[in-house]
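In: Got a predicted structure here, sequence first:
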Amino acid sequence: MMPPHNQPFVVGVGTAIVDLTAYVEDSFVSALVPEGKGGTVHVSAARLNHSLHCLEKAGIPVVQNPGGSTGNLLCGLSRLGFRTAMFTKLGNDSFGDFYARTFEEEGGCSDYFLRTSEYETGRCLAFVTPDAERTFLTCLGASAAIVPDEIPPALCRGASLVHTESYLLAVPRHIPAVLSGAQTENVPVSMDLASPNMVRSCGEIMHAMYPHSVEILFGNETEFALYTGKNAPEEILQSVQSDFPVVGLKLGAKGSLVRIKDDIARIPAVPVKAVDTIGAGDYWQAGFIYGYLNHFPAELTGRIASMMGAAAVSSHGARIPAQKMASLKLEIQHLIDTFPR
């Protein structure tokens, strides 16, 4: 059931993925991911299962957690006090049960979850190397089996924002329906460029679909460079100015560059010891959306985003532990209370 109606309501449309995380050496990634380290590769269930078998033979443990870009973001917003709901599809299997249960435990509404016996729940095998970089092998499973007719007509109604992800361009029937529904309800949309591989393979579709349909565009330096053909962050920001009113450009250890209409801020990174980067960008985006929907200026919005991202980087997996999240909320509130107005 939905929480009380006293906070913004964010609806997410994305891939329901169970993360399977393994901490490995670079040589292991080189052997199993010829596409290269540091990105996302969409694979068949057979290839993912083969990689899991290799990990088992090598005696490398695998940790299971709820994941998926949109699910992680919604989890962050739920724990910051927003109302959230997600539209996705799960298999009728133990992974689907696990995903639905944990999403609800984090405060999200699962009323829009579909279930199917035809496909397994999506999984993502995340290889984390000693430098804290992550490499994903993703099998979308049931998430890729959604057809536009299954998207509820009233999905966007009453939402403060609809968030979705470019990973869905792997099955590009979803996003046009979501953008159309949001436009009909006059609800702004935020979009995650998702990964360099998605921009390389679907850049033409993105350029045709996103401008003037998406309010907020998120991405890291590599993704935006591929999307725009520019390399310097300031040039990237300028090149998308006419297409996207709001931009969150993540620059890793160099911080971020944030533009909310005419308000631009360069945000330093919060220094932390990196454990792994799984979910860091998603939590960064959750912090950004939290600031944006509270009508905070670009600098305050960017600083909250950086705090959320840093907390994820310094945590194992794609979820921030409850105790750390409680402390983080107090720090964010103190920043809001003391920020110059």
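Out: Received it, and whenever you're ready, just let me know what you need.
In: these two touch, right, Thr84 and Val13?
Out: No - look at Thr84 against Val13 with C-beta atoms under 8 Å: they stay out of range, at 11.9 Å. (Each C-beta comes from the backbone N, C-alpha and C, glycine too.)
In: who's more crowded, the two?
Out: Thr84 (30 against 27; other C-beta atoms under 10 Å).
In: so where do the helices sit in the stretch 1-150 of the chain?
Out: 26-32, 45-57, 69-79, 94-105 (DSSP state H, counting those that start in this stretch).
In: Which one, of the ones you listed, ends up nearest to Met198?
Out: helix 69-79 (10.6 Å; C-beta to C-beta).
In: what residues does the closest one touch?
Out: Contact with helix 69-79 is made by 10, 12-17, 66, 84-86, 88, 99, 103, 106-108, 163-165, 167, 192, 194, 279, 281-283, 285-287, 289-290, 308, 318-320, 325, 329, as judged by C-beta atoms under 8 Å, 6 or more residues apart in numbering.
In: what mean pLDDT does it have?
Out: Mean pLDDT, computed over helix 69-79, is 95.
In: Same question for that helix: list its buried residues.
Out: Across helix 69-79, burial judged by 16 or more other C-beta atoms under 10 Å covers Ser69, Thr70, Gly71, Asn72, Leu73, Leu74, Cys75, Gly76, Leu77, Ser78, Arg79.
In: Which one of those residues is nearest to Ala22?
Out: Nearest member of those to Ala22, counting by C-beta to C-beta, is Asn72, at 18.3 Å.
In: picking that back up, so of the helices of the stretch 1-150 of the chain, which one's packed in deepest?
Out: Among these, ranked by average contacts under mean count of other C-beta atoms under 10 Å, first place goes to helix 69-79 (a mean of 28).
In: follow-up on the earlier one: and of the buried residues of helix 69-79, the nearest to Ile146?
Out: Distance to Ile146 across the buried residues of helix 69-79 (C-beta to C-beta) is lowest for Thr70, with 12.9 Å.
In: Give the closest residue to Val178 in space, chain neighbours not counted.
Out: Val13 (5.0 Å; C-beta to C-beta, 6 or more residues apart in numbering).
In: give me every residue that touches the one you found.
Out: Neighbouring residues of Val13 by C-beta under 8 Å, 6+ apart: 70, 86-88, 151, 155, 162-165, 168, 174, 178.
In: min pLDDT across these, which one?
Out: His174 (79).
In: Backbone torsions only: list them for the nearest residue to that one once chain neighbours are set aside.
Out: Spatial nearest neighbour of His174, excluding adjacent residues (C-beta to C-beta, 6+ apart): Leu168 at 4.5 Å. Main-chain torsions, Leu168, degrees, to the nearest 10: phi -70, psi -10.
In: Give me the distance between Leu168 and Ser30.
Out: Distance from Leu168 to Ser30, counting by C-beta to C-beta, to the nearest Å: 29 Å.
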